[in-house]
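**Student:** Structure for this input, please:
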Amino acid sequence: IADYLGARFGKRQALSILVTAVATAAVLPYIALQFRALTQAWGIIASSSPSATVSQEATGLIVAIVLALFTILFGARRMDGRERHQGMMSAVALESLVKLLAFVCVALLALLYLRRPEVSSTVDWSSQSLGRVDLSADFFTRTLISAFAIICLPRQFHVMVVEAQENTHARFARWVFPLYLLLIIVLVVPVNLAGSHLAAAYQGATISPDTYVQWFPGALDNPWVSLIAFVGGISAATGMVIVATVSLAIMLTNEVAVPVMIRSKAEAGTALLALGNHLRRVRQVTIVLILIAAWFVSRELHRIPWLSEIGFMSFLAAAQLAPGLLAGLYWRRAHGLAVTTGLLAGLALWFYCLVLPALLNADSALLLNGPFGLEILRPQALGGWEGPGRLSYAAILSLGVNALLMAGLSGILRPSAADMRQAAVFMDPQSR
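**Tutor:** From the prediction side, this is the model:
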């Protein structure tokens, strides 16, 4: 995605580097989320009490090391000029089936639990919000940034664009994939109903709904389904981490490491010819550094109780690429400097309005009084406006300013010859 945006808007290397920075900001919380999920799952498996915990730091570090080995094995064992990894894609396909089968097993166990006479007679079905649609600002915000994430998350773009081959069954996949997601959504319902009912029986213990899939079978003393759920969780998280890390490592090596290596060896022709021999090692080191950085991010985000909050934080960072990506596809006049300016502003507002409040204590002077005592600059109330919710507030500000700056500056700035040439290459079929 960094290569595409940089090439589309006048072959701007600075824009490619900025897109890589945005992708890094989006991917690190996303991988940290997977670390948190795996740590929670292992804590439930390893403890006899649902409220007991194990050393999360040690578990998270072990997970990072193991995933680094798997990622190097599947994504950086050999170099391909087209950046395609058939083995990795086969592994992702397999983990998708394993995840679905594990989810089916847990959902069937939940249905059997709900059919018990002593349970069905005590479940307060009227308290469940299954039949209510809450069209709030938060609902529309989550829907919008989730839609953007489908095309803007580096791993999504990598799978859809980079890994696509001539014999790809796109017409078949565009039906199977939504059906797969719909089935996952349907399976969530019985698991949530059964998990919330059973969790209410544990007085004094706080059971997070994020852990229902893993915790519920163990609470019913069903070790086989508990093991299946654990394997499914490992499979799901491993597949997501591998693809996300590989796609980010490709961008970091292509946009940052390789230009630095070329400039440092520009006068040594022999060393420049041997650059390809070192690229695989550089990418492997980059993968390890990404996962270590994600582990540190997971430690810093410990104040966020819900996995979904971390996920939407990552989604909103990736969504900052949407204005430039859509403009590059449909608007010939879009200017590279305008896209760069919008991205910088959107990323800064994302960090200031959403990430910073999650990192600081609730009684922080910056959150309560703003920088230098200027309440009008408080991260959660810029300009005195608090918005309909924290996520909606950050999304409206960051995406709105991003899109307005891109559109406004594109209308003011005059496109260069490189801008017009690249726009013709990408938007005029006859010029290819």
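**Student:** isn't G387 right next to G400, touching?
**Tutor:** No. Contact criterion C-beta atoms under 8 Å: G387 and G400 do not qualify, at 11.1 Å. C-beta here means a position set from N, CA and C on the backbone, and glycine is covered the same way.
**Student:** Distance check, the residue nearest to G383 when sequence neighbours are not counted against S364.
**Tutor:** Spatially, and ignoring its direct neighbours in sequence, G383 is nearest to I376 (6.1 Å; C-beta to C-beta, 6 or more residues apart in numbering). Noted for I376: a distance of 17 Å to S364, by C-beta to C-beta, to the nearest Å.
**Student:** Give me the more crowded residue out of the two.
**Tutor:** A direct count of neighbours by other C-beta atoms under 10 Å for I376 and S364 places S364 higher, at 13 against 10.
**Student:** Show me what the longest helix along the chain is packed up against.
**Tutor:** When the chain is parsed with DSSP state H, its longest helix is helix 13-46. Using 3 or more C-beta pairs under 8 Å, 6 or more residues apart in numbering; DSSP states H and E as the contact test, the elements touching helix 13-46 are helix 2-8, helix 56-75, helix 154-157, helix 212-219, helix 223-252, helix 275-300, helix 307-319, helix 336-350.
**Student:** want to throw these into CSV with mean neighbour count and mean pLDDT?
**Tutor:** Below are the helices and strands packed on helix 13-46 laid out as CSV (neighbours: other C-beta atoms under 10 Å; pLDDT from 0 to 100):
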stretch, mean neighbour count, mean pLDDT
helix 2-8, 21, 88
helix 56-75, 18, 66
helix 154-157, 23, 81
helix 212-219, 24, 83
helix 223-252, 22, 84
helix 275-300, 17, 80
helix 307-319, 23, 87
helix 336-350, 22, 93
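**Student:** CSV for the ones you listed, including distance to M420?
**Tutor:** Shown next, in CSV, are the helices and strands packed on helix 13-46 (distance: least, C-beta to C-beta, whole Å):
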stretch, distance to M420
helix 2-8, 12
helix 56-75, 37
helix 154-157, 25
helix 212-219, 52
helix 223-252, 26
helix 275-300, 32
helix 307-319, 28
helix 336-350, 11
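**Student:** Low-confidence stretches in the stretch 301-432 of the chain?
**Tutor:** Applying pLDDT under 70 to the stretch 301-432 of the chain flags residues 429-432.
**Student:** Show me where it has its helices.
**Tutor:** 307-319, 322-330, 336-350, 356-359, 365-369, 390-412, 417-427 (DSSP state H, counting those that start in this stretch).
**Student:** Sort out which residues of the last one are buried, please.
**Tutor:** Residues of helix 417-427 classed as buried: D419, Q422, A423 (neighbour count, 16 or more other C-beta atoms under 10 Å).
**Student:** Tell me, what's the model's pLDDT at the closest residue to the first one other than its chain neighbours?
**Tutor:** Ranked by C-beta to C-beta, 6+ apart and with sequence neighbours excluded, the top spatial neighbour of D419 is G10, at 4.4 Å. The predicted local confidence for G10 comes out at a pLDDT of 84.
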